[in-house]
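[1] Requesting a structural model of the entry that follows:
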Amino acid sequence: MILTKKEKIIGVILAGLLFLITLSSTFFFLGKLKISVVQWVAFNSCSPTSFLYLLLFLVFLVKKNASYLMITFLPIYFLGTMSMFVLPWNEANIIAHVGHIIMTLNLMWVLYVIFKHKEYKALGIGLLFSMLLFVPYIAYVLSYNQAHAEEMLKLFL
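    As a prediction, this is how the structure comes out:
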């Protein structure tokens with residue numbers, strides 16, 4: 001798929017914003033809160049998938065295969081976009097919600113370019129890989145967070 005200059009610029013800007021907010025979030029969890037990598041993967045589950053999206057975005061820019069854009073769609077939608085409806089909208093979560101909004105804007109851009117360029121095969125292949133790879137990851141995150149809910153609450157109080 002060949003993007004127009006405008007589509008490419010918007011995609012790169014959104015990816016850049018996602019990189020900055022994900023980096024900030026990662027430094028907060030690993031640096032300030034000093035949690036382990038396993039805890040980071042579960043408690044800040046958006047960050048690993050956002051980093052993977054960014055890597056696959058770069059692969060897409062090189063290979064021009066839109067399937068790469070869809071691979072992280074499911075976890076970013078579930079863990080990012082849907083979090084806006086689960087986490088309270090208060091001052092403690094405002095930065096997290098800024099990240100969720102940026103993730104959602106990236107997903108909207110992906111859907112826009114996929115449908116505009118009629119890349120339906122890439123949509124199907126990417127979503128299939130997304131389900132195969134990330135349904136177990138989402139299940140792990142949910143079960144880990146439920147089992148360690150008290151520990152997670154202590155981090156934010």
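[2] Any idea how far apart the tips of stretch 74-84 sit?
    Separation of the first and last residues of stretch 74-84 by C-alpha to C-alpha, to the nearest Å is 15 Å.
[3] so how far is it off the chain centroid?
    From the chain centre to the centre of stretch 74-84 is a distance of 7 Å (C-alpha atoms, centre = their mean, to the nearest Å).
[4] tell me the mean pLDDT for that stretch?
    The pLDDT scores in stretch 74-84 average 95.
[5] Can you point out the buried residues in that stretch?
    74-76, 78-81, 83 (16 or more other C-beta atoms under 10 Å). Placement of C-beta: from N, CA and C, glycine included.
[6] With stretch 131-147 instead?
    Buried residues in stretch 131-147, counted by 16+ other C-beta under 10 Å: 134, 137-138, 141, 144.
[7] what's the neighbour count on Ser67?
    23 (other C-beta atoms under 10 Å).
[8] same thing with Val110?
    Using other C-beta under 10 Å, Val110 has 24 other residues around it.
[9] Is it within a helix or a strand, and which one?
    helix 94-116 (DSSP states H and E).
[10] next helix or strand past that helix?
    helix 120-147.
[11] Downstream of that following helix, the next helix or strand is which one?
    Taking DSSP H and E, what comes next after helix 120-147 is helix 149-156.
[12] Between helix 120-147 and that next one, find me the angle.
    90 degrees (axes from the mean of the first three to the mean of the last three C-alpha atoms, to 10 degrees).
[13] Can you spell out which helices and strands pack onto helix 149-156?
    Other helices and strands packing on helix 149-156, by 3 or more C-beta pairs under 8 Å, 6 or more residues apart in numbering; DSSP states H and E, are helix 37-43.
[14] Counting neighbours, what do you get for Glu7?
    Around Glu7 there are 16 residues (other C-beta under 10 Å).
[15] in the helix holding Val110, what counts as buried?
    96-97, 99-100, 102-107, 109-110, 113-114.
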